[in-house]
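1. What follows is a predicted structure for the sequence shown.
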Amino acid sequence: MADDLSIEEQFAKAQAASKPTPTADDPYLGTPGYNPPAPPRPPGEPYKGMLLPFSKDASGDVKFDSHAGILGAISGSLLLIAWLEAPEGQLQWEHSESVAAQRASQEEKPLLLDFTAEWCGACKELARHTFADPTVLREASRFVALRVDATSDDDPAVDQLKDKYGVVGLPTVILLGANGQERARITEFVPPEQFLTTLRSIN
């Protein structure tokens, strides 16, 4: 009877009962350490282990799905480009000049203005390397940061800001002290170390 068996014996009996029984198709079934192969896929069902454009037809022959291959290549290329262009870190950018100026005045902080555009290569280099540098991020956190997107040449609000701050080309990064006076202006790509020195001189 089960009640007459010790705990160890009951466990061994339950473990033996749960073991798969070897079959003619798989004589090793139930052998310790043996992992049985996965069941075969139905004909025509694509392989789901990896995102590869292969499948089997009804005869069992492997065929290449050219449409899936092209789409996969395009998707992979787009992801790679996005990864390469994505900045490693981000400042907390304001996008309204009036809000940024009000915050800087109320919080008595210096103001960092970044005039940028999608077509500006040096602007992207600044965003990717300089503004994303961890040391620059820490130092710039004491600034109120304003980013002005000047991609469109037909935006009157942007033109007004460019006139107000005397911006004639991109990139243009302007640093104002806590008193609202301009302290530095950068009109080209600068590496993190050089930009950090400029940031530290602003109060």
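-> Yes, it's here. The structure presented is a predicted model; accordingly, all values stated were derived computationally and were not measured.
2. I figured residue 203 was touching residue 139, is that so?
-> No. Contact criterion CB atoms under 8 Å: residue 203 and residue 139 do not qualify, at 11.7 Å. Glycine gets a C-beta too; all of them are placed from N, C-alpha and C.
3. Tell me the residues that contact both of those two, please.
-> When CB atoms under 8 Å, 6 or more residues apart in numbering defines a contact, no residue borders residue 203 and residue 139 alike.
4. Between these two, which is the more surrounded one?
-> residue 139 (18 against 10; other CB atoms under 10 Å).
5. contacting residues around that one?
-> Applying CB under 8 Å, 6+ apart, the residues near residue 139 are 196, 199, 200.
6. if I look at residue 148, how far off is residue 155?
-> Between residue 148 and residue 155 the computed distance is 10 Å (CB to CB, to the nearest Å).
7. Neighbour count for these two, which is higher?
-> Set residue 148 next to residue 155 and count neighbours by other CB under 10 Å: residue 148 wins out with 25 against 14.
8. What helix or strand is the more buried one located in?
-> strand 144-149 (DSSP states H and E).
9. List the buried residues for the next helix-or-strand element following that strand?
-> Per DSSP H and E, the first helix or strand lying C-terminal to strand 144-149 is helix 156-165. Within helix 156-165, the residues scored as buried using 16 or more other CB atoms under 10 Å are 158, 161, 162, 165.
10. Just after helix 156-165, pick out the following helix or strand.
-> strand 172-176.
11. ok, the closest residue to residue 170 other than its chain neighbours to residue 188 distance?
-> Leaving aside its sequence neighbours, residue 170 sits nearest to residue 120 (CB to CB, 6 or more residues apart in numbering; 4.5 Å). To residue 188, residue 120 is 11 Å away according to CB to CB.
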